[in-house]
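> give me coordinates for this.
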Amino acid sequence: MEWIRILYQLLLAISAIHSKRVVHREINPENILIDSDGNVKLIDHGIAKILDYHGDFVTTTAYTRFYGAPEAFVNGMYDKEFDIFSAGVVAYQIFSGFFRSIP
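The predicted structure is shown next:
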């Protein structure tokens, strides 16, 4: 089950950036690369933001449509959970067969 390993590596990458108090805010299939060895690379940190001093949230209007948490669209506040929600959408797409190239 290759997709489980891919999702696990994606969550490890998200955890690594969150440990630096950064919210990626653009986790979607276009920004997830898999190299020839099967290692997952999270790319495009162009709209990533550092969380506030307390590590709670950032306020901005940039986001990836269709992959973002609904509450962020309402109040414009992004936190670590925003990236987790986005990873969940990607996982759902894998489970539902949206990604046909992943065994």
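
> touching, Phe66 and Tyr92? I think so.
No - with contact defined as C-beta atoms under 8 Å, Phe66 does not reach Tyr92; the gap is 11.4 Å. C-beta here means a position set from N, CA and C on the backbone, and glycine is covered the same way.

> strands of the protein, start to end?
Using DSSP state E, the strands assigned to the chain run over residues 22-23, 32-34, 40-42, 49-50, 58-59, 77-78.

> what comes up buried for the second one?
Using 16 or more other C-beta atoms under 10 Å as the test for burial, strand 32-34 gives Ile32, Ile34.

> kindly report the same for stretch 85-99.
By 16+ other C-beta under 10 Å, the buried positions in stretch 85-99 come out as Phe85, Ser86, Ala87, Val89, Val90, Ala91, Ile94.

> now, those residues that are in helices?
Of these, the ones assigned to helices by DSSP state H are Phe85, Ser86, Ala87, Val89, Val90, Ala91, Ile94.
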